[in-house]
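Participant: Okay, predicted coordinates and the sequence, questions at the end:
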2 protein chains.
Amino acid sequence: MEKIDLKEYSIFFGNPAESLSPLLAQDPGARLFVLTDHNTKIHCLPLVEPLLKGRSWSVFSVAPGELNKNIHSCIRIWEAMTQAGLDRQAIMINLGGGMIGDMGGFCASTYKRGIRFIQVPTTLLSQVDASIGGKLGIDFEGYKNHIGVFRDPLAVLIHPDFLRTLSDRELKSGYAEVIKHCLIADGRHWQELSGIFDLRAATWEPIIRRSLEVKRKIVSEDPFESGMRKLLNFGHTIGHALESHFMQTSHPLLHGEAIAAGMIYETLLSNQHTGLSTDKKVAITGYIQSLYGPPPPFDPDLLLPLMKQDKKNKEGKISFTLLRDIGESVWDVMLAEEELRLIW
Amino acid sequence: MEKIDLKEYSIFFGNPAESLSPLLAQDPGARLFVLTDHNTKIHCLPLVEPLLKGRSWSVFSVAPGELNKNIHSCIRIWEAMTQAGLDRQAIMINLGGGMIGDMGGFCASTYKRGIRFIQVPTTLLSQVDASIGGKLGIDFEGYKNHIGVFRDPLAVLIHPDFLRTLSDRELKSGYAEVIKHCLIADGRHWQELSGIFDLRAATWEPIIRRSLEVKRKIVSEDPFESGMRKLLNFGHTIGHALESHFMQTSHPLLHGEAIAAGMIYETLLSNQHTGLSTDKKVAITGYIQSLYGPPPPFDPDLLLPLMKQDKKNKEGKISFTLLRDIGESVWDVMLAEEELRLIW
């Protein structure tokens, strides 16, 4: 069984039978509460269910999609946890994409002031993004992850077989975070990644592990996002605004699609403000567009009000992480509105 | 300026002008958000407002009373925080009783995954109970503090002048926690306390400080309630159930009134199960009843279902903290339903 050991917990790779079962066996009396969405209940729960045999467990399912990552779903989850009679020794298992992990982790962290939870991310995005860092929460009033806490899981289980349950669009969405980790801090990986055009044919386990290694290093140096961890926000300042904006329309973007577009715009800003060469700007935006197509237009009047709510802003200026080079990035680049209107 | 220094923050006694002003001056750019209830907005805010002059600040007020310590109030508070444009550097000031401190602290701890907050408890109960320990949260589905987190404030300010704004009933309610701290761990204080029958005439600052010293010692040894901290639950297992039950009626109990009744019943249990002498049982229940009157009847069919939801239960048995003597207590006494039906 391959694993990455973090300070507070481990990330296990491969079949949950080899990781979940021994983990649960350490605490035979704990009640288990599995959170799924309606899709992962059908497609992923059958892989996990046999391992829960003989335990006191229940499952609760919410409607899928980022739009349901809200306080009203939390209320329903807390109600279900209460009805299941979970005490403080109970363990919650969050089986799904980032929406399930973020929201389920938040509900676990606040139920009776916090019970333990195991993250079982089933999408590429959540496997590379949500496995490390302890960021939990929900969207609120159109703002992403506006309400939440920092808290570590008991363990994370990553099973590449779950990726087969994803659509091409979801797989591509997750890949945006892999590109991001490479661009901010792992330049040596760029040659290999930028040669991948058929995501179905990729061998995911080593790619995910290398990507997680970047995030592990950054988060371990700055668990509460007071400094270096902001590197992980490359593509996210504009990406989150695009995601929030399109969430209100009839054609919402997936998170990674928004981040891919955000990375294109923030690569342009990197060329303008932090010395990224024009050649590399072209290489990056070219590769991203070859996979994701051209980004939606950058409309400052729509996007700036959303960007102003970003948690990392200070005194009216908007905070960016930008690239100096492929694999080298810098955080806390504070740009004024006028500078953003010149993005093209 | 008198203060108690805890590991993570300090509790300041006396006029907020001498504590709040220097504290805020350290961070002149931070936006301030004051949470009050409709009563403390009128009676307590005027004492604090002059200290906020020249700052970017706003106030939001919620309806008073434990019944409003719920997720719907949180949603309104988070909305107001969002509308006030609070960023992560902002500081929330919770000006009110335990309900404001618990709920405001929870909202601050979850807004953008946590901003700083200052507790300014204005009732005796919240001054002696909520100043230490970092327990934050709201009631949910009739269960007390069912949703919440542990998180420390930036500072706590205790101003005995606020006690003059309280009714006799509220003052007496807060005094129940003072009695509790004495009974569980400060027997030498019993002679003095049990001679107090006129609460209006008491000199509160030294009483509050001594009471907080008990709590400080216990919480510092066990911040996350895995052991010793459960001592603080004396009176609370039955007290919380009574409070929850009467909350549904037309004559709700104040928290301290419920705890006083809970202490009477749990003193009887202490005599039955943990060797508290009959003389001391009589002294304790006599003093409490001289202040609070006889407790509401113990109806197991109404109260047991509520007690079963307690966060400290394990595998069907109900967890109590009981007294061995005045000033000596023991936690994790697990009693079965049948034993509780024999309480008289």
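Facilitator: Okay, I see it.
Participant: going forward, measure contacts and count neighbours with C-alpha atoms only.
Facilitator: Will do.
Participant: Distance from stretch A:293-308 to the middle of the chain?
Facilitator: 21 Å (CA atoms, centre = their mean, to the nearest Å).
Participant: The residue nearest the centre of chain A: what's its closest spatial neighbour, skipping adjacent residues?
Facilitator: By CA atoms, centre = their mean, chain A has its centre lying nearest to A:Asp129, at 3.7 Å. Nearest non-adjacent residue to A:Asp129, counting by CA to CA, 6 or more residues apart in numbering or on different chains: A:Glu177, 6.7 Å away.
Participant: Check A:Glu205 too.
Facilitator: A:Glu205 sits nearest to A:Pro160 (CA to CA, 6+ apart), 6.5 Å away.
Participant: and the gap between the one you found and chain B?
Facilitator: Look at A:Pro160 and chain B: by CA to the nearest CA, to the nearest Å, they are 30 Å apart.
Participant: coming back round to it: do I have it right that the residue nearest to the centre of chain A meets A:Tyr175?
Facilitator: No. Counting by CA atoms under 8 Å, A:Tyr175 is not a contact partner of A:Asp129; they are 10.0 Å apart.
Participant: In chain A, mark out all the strands, start to finish.
Facilitator: Using DSSP state E, the strands of chain A run over A:3-5, A:10-13, A:32-37, A:57-62, A:91-96, A:116-121, A:135-140, A:143-150, A:155-158, A:318-325, A:328-335.
Participant: Tell me which of those strands lies nearest to B:Ile115.
Facilitator: Across the strands of chain A, B:Ile115 has its closest neighbour in strand A:143-150 (10.3 Å, CA to CA).
Participant: tell me the angle the closest one makes with strand B:143-150.
Facilitator: 90 degrees (axes from the mean of the first three to the mean of the last three CA atoms, to 10 degrees).
Participant: now strand A:143-150, how far from the chain's geometric center?
Facilitator: For strand A:143-150, the distance to the chain centre is 13 Å (CA atoms, centre = their mean).
Participant: quick check: mean pLDDT across it?
Facilitator: Average pLDDT, strand A:143-150: 94.
Participant: Now look at that strand and say if it contacts chain B.
Facilitator: Yes. Using CA under 8 Å from any CA of the partner chain, a contact is recorded between strand A:143-150 and chain B, made by A:145-150.
Participant: Flag every buried residue along stretch A:63-71.
Facilitator: A:64, A:66, A:68-71 (16 or more other CA atoms under 10 Å in any protein chain shown).
Participant: CA atoms only for it, dumped as PDB, please.
Facilitator: Extracted C-alpha coordinates of stretch A:63-71, given in PDB (Å, rounded to 0.1, in the frame of the first residue of the first chain):
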ATOM      1  CA  ALA A  63     -28.100  16.300  -4.600                       C
ATOM      2  CA  PRO A  64     -24.800  16.700  -6.500                       C
ATOM      3  CA  GLY A  65     -23.300  19.900  -7.800                       C
ATOM      4  CA  GLU A  66     -21.600  22.900  -6.400                       C
ATOM      5  CA  LEU A  67     -24.900  24.700  -6.200                       C
ATOM      6  CA  ASN A  68     -25.900  22.400  -3.400                       C
ATOM      7  CA  LYS A  69     -22.800  23.200  -1.300                       C
ATOM      8  CA  ASN A  70     -24.700  25.500   0.900                       C
ATOM      9  CA  ILE A  71     -26.000  26.000   4.400                       C
END
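Participant: quick one on the thing from earlier: pretty sure the residue nearest to A:Glu205 contacts A:Gly14?
Facilitator: Yes. With contact defined as CA under 8 Å, A:Pro160 counts as touching A:Gly14 (6.8 Å).
Participant: neighbour-wise, which of these two wins?
Facilitator: A:Pro160 (20 against 16; other CA atoms under 10 Å in any protein chain shown).
Participant: Could you list the low-confidence segments of chain A?
Facilitator: Scanning chain A for pLDDT under 70 picks out A:311.
Participant: need the helices for the stretch 101-250 of chain A, in chain order.
Facilitator: For the stretch 101-250 of chain A, the helices defined by DSSP state H, counting those that start in this stretch cover A:124-129, A:168-185, A:190-193, A:204-221, A:236-247.
Participant: what's the shortest one packed up against?
Facilitator: Okay, so that is helix A:190-193. The contact analysis (3 or more CA pairs under 8 Å, 6 or more residues apart in numbering or on different chains; DSSP states H and E) places helix A:190-193 against helix A:168-185.
Participant: Up against chain B, what does chain A have?
Facilitator: Checking chain A against chain B by CA under 8 Å from any CA, the hits are A:79, A:85, A:87-89, A:109-114, A:135-137, A:141, A:145-150, A:309-315.
Participant: Tell me which of the strands of chain A sits nearest to A:Asn233.
Facilitator: strand A:318-325 (6.0 Å).
Participant: partners of the closest one, with directions?
Facilitator: Strand pairing for strand A:318-325, using DSSP bridges, gives strand A:328-335 (antiparallel).
Participant: what's the distance between A:Val333 and A:Arg341?
Facilitator: Separation of A:Val333 from A:Arg341 (CA to CA, to the nearest Å): 16 Å.
Participant: and if you look at A:Met99?
Facilitator: Here the criterion is CA to CA. By it, A:Met99 lies 32 Å from A:Arg341.
Participant: Having no further points to raise, I will conclude here.
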